[in-house]
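>>> Make a model of this:
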Amino acid sequence: MIINDRIDSFEKLGLQLKQIESISTFNSILKIALDNNKWFTQSSVRNSFKSVSLMLEKDKLRHWLKRSKFKNTQFKIGVIIPSNVPLVGFYDFLCVLISGNKFIGNLSSQNCILLPFIAEILIDIEPRFRKLICFESEFKNIDLLIASGDDNSYEFFNFKFRSIPRIIRSSRNSVSVIDGNEKEYELDLLSKDIFLYFGLGCRNVSKIFIPKSYDIKKLIERIKKYKFSSCKNYSDNYLFQKTICDLSKKKYYDLGHSILIKSNSFFPPVSVIYFDIYNDISEVESFIANNDSKIQCVVSKLKISKRTIFFGQSQLPSLFDFPDGIDVLKFIESNLSN
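Modelled structure (predicted):
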């Protein structure tokens, strides 16, 4: 299969995903996925399909692939996929297959429905992909590895697969920097960056930097208005964190569905948002530079980092928003040439 065939197939896949509701099996697949993972909701799953479909627009794909030259050598590439966000492994799925290699997926038991569903749609579009896609509980003979997980799994995967080239991603969060002049709609978009997928993704904002002179009530009023999908797991976390703060007499702002706490820390528990105050923007720049290995993106209208994106864009990554800053296609291409 030549590269143009692969591009055309993924473009057609994107068009079908834009009309996902028209696929007869979608509603039954959606129900199974929600039953399988209590953190997934109808809106979060639909948003993940929307995000993927936007990636697969023809001009975007061709522009992304301009810089790549793939050889006919075919690798077996293992991809370990976590369960925190629906379709979290799609970008790696795309990179492996668009480059002409064999995708061998290892799925979390709580996120094992949606990506195989997309794989079947792709195979219906181009049956030759059937020989290039499989899902296994254990890798036997793979040439490269791409794995996503937390800090503990990072150490484990690094040791277990030490003999082969690999990308291993660990825990990351995202931050937001506001200058105090944001309009209401921008703060509403920031709320989506915080709460979509209940804050479980590495691209979710977990910490907000605000200027010293800023009236935090403006931020609180907009965040409070965010409409949550029902999720018992999240509600239980919210009530638990409130209780912990009350018992420890820690000051917090109750947002009605989450709490806002001033903290120097970076990784808050579920349902908690940290904020910090800066006197000068250079303080934030230093924080971002010192924590670069833990930050996925910076949500702001200030051009404060190479990872900066505008409000509302954190869960709509482009093909050039490389996870953990690592270009997966370049990684594959460089190893194919060895």
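>>> any low-confidence regions in the stretch 1-150 of the chain?
Scanning the stretch 1-150 of the chain for pLDDT under 70 picks out nothing.
>>> can you give me the helices for it?
Secondary structure of the stretch 1-150 of the chain by DSSP state H, counting those that start in this stretch: the helices cover 3-18, 26-36, 42-55, 58-65, 90-98, 114-125.
>>> Could you tell me how far the closest residue to Ile7 other than its chain neighbours is located from Gly180?
With Cβ to Cβ, 6 or more residues apart in numbering as the measure, Leu61 is the residue that lies nearest to Ile7, at 5.4 Å, once sequence neighbours are left out. (Glycine included, C-beta is placed from N, CA and C.) In this view, Leu61 and Gly180 are 39 Å apart by Cβ to Cβ, to the nearest Å.
>>> Neighbour count: the two, which is higher?
Shown here are Leu61 and Gly180; by other Cβ atoms under 10 Å, Leu61 has more neighbours (20 against 12).
>>> check contacts around the more buried one.
Ile7, Phe10, Glu11, Met55, Ile98, Leu319 (Cβ atoms under 8 Å, 6 or more residues apart in numbering).
>>> go again using 7 Å as the cut-off
Contact partners of Leu61, counting by Cβ atoms under 7 Å, 6 or more residues apart in numbering, are Ile7, Phe10, Glu11.
>>> Next, format those residues as CSV and append neighbour count.
Below are these laid out as CSV (neighbours: other Cβ atoms under 10 Å):
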residue, neighbour count
Ile7, 17
Phe10, 22
Glu11, 17
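>>> now, which of those residues sits nearest Glu333?
Ile7 (15.9 Å; Cβ to Cβ).
>>> quick one: the closest one and Glu120, what's the gap?
From Ile7 across to Glu120, the span is 20 Å (Cβ to Cβ).
>>> For burial, what's the neighbour tally of the closest residue in space to Phe195 that isn't next to it in sequence?
Spatial nearest neighbour of Phe195, excluding adjacent residues (Cβ to Cβ, 6+ apart): Tyr226 at 5.5 Å. If you count neighbours by other Cβ under 10 Å, Tyr226 ends up with 18.
>>> Tyr226 belongs to a helix?
No. Using DSSP: H, G, I helix; E, B strand; the rest coil, the secondary structure at Tyr226 is coil, not a helix.
>>> Could you number the chain from 469 rather than 1 from now on?
Okay, residue one is now 469; in that scheme the one you just asked about reads as Tyr694.
>>> wait, isn't it in contact with Ser659?
Yes. Judged on Cβ atoms under 7 Å, Tyr694 makes contact with Ser659 at a distance of 4.1 Å.
>>> pLDDT wise, what is Asn806 at?
According to the prediction, Asn806 has pLDDT 62.
>>> how close does Phe508 get to His531?
Between Phe508 and His531 the distance is 32 Å, computed by Cβ to Cβ.
>>> the more surrounded of the two?
A count of neighbours by other Cβ under 10 Å puts Phe508 above the other of Phe508 and His531, at 25 against 13.
>>> from what I can see that one touches Lys499, true?
No. Phe508 sits out of contact with Lys499 when judged by Cβ under 7 Å, with a separation of 10.6 Å.
>>> before we move on, back to that, from the helices of the stretch 469-618 of the chain, which stretch is densest packed?
helix 558-566 (a mean of 23; mean count of other Cβ atoms under 10 Å).
>>> Need the residues that contact that one.
With contact meaning Cβ under 7 Å, 6+ apart, helix 558-566 is reached by 474, 478, 520, 533, 545, 547, 571, 583, 586, 597, 600, 614, 791, 796-797, 800.
>>> what's the farthest-apart pair in the residues you listed?
Across those (Cβ to Cβ), the longest gap, 22.7 Å, separates Phe597 and Pro791.
>>> Would you mind splitting this structure into its domains for me?
Domain segmentation of the chain under automatic domain parsing yields 471-639, 641-777.
>>> Good, we can wrap up now.
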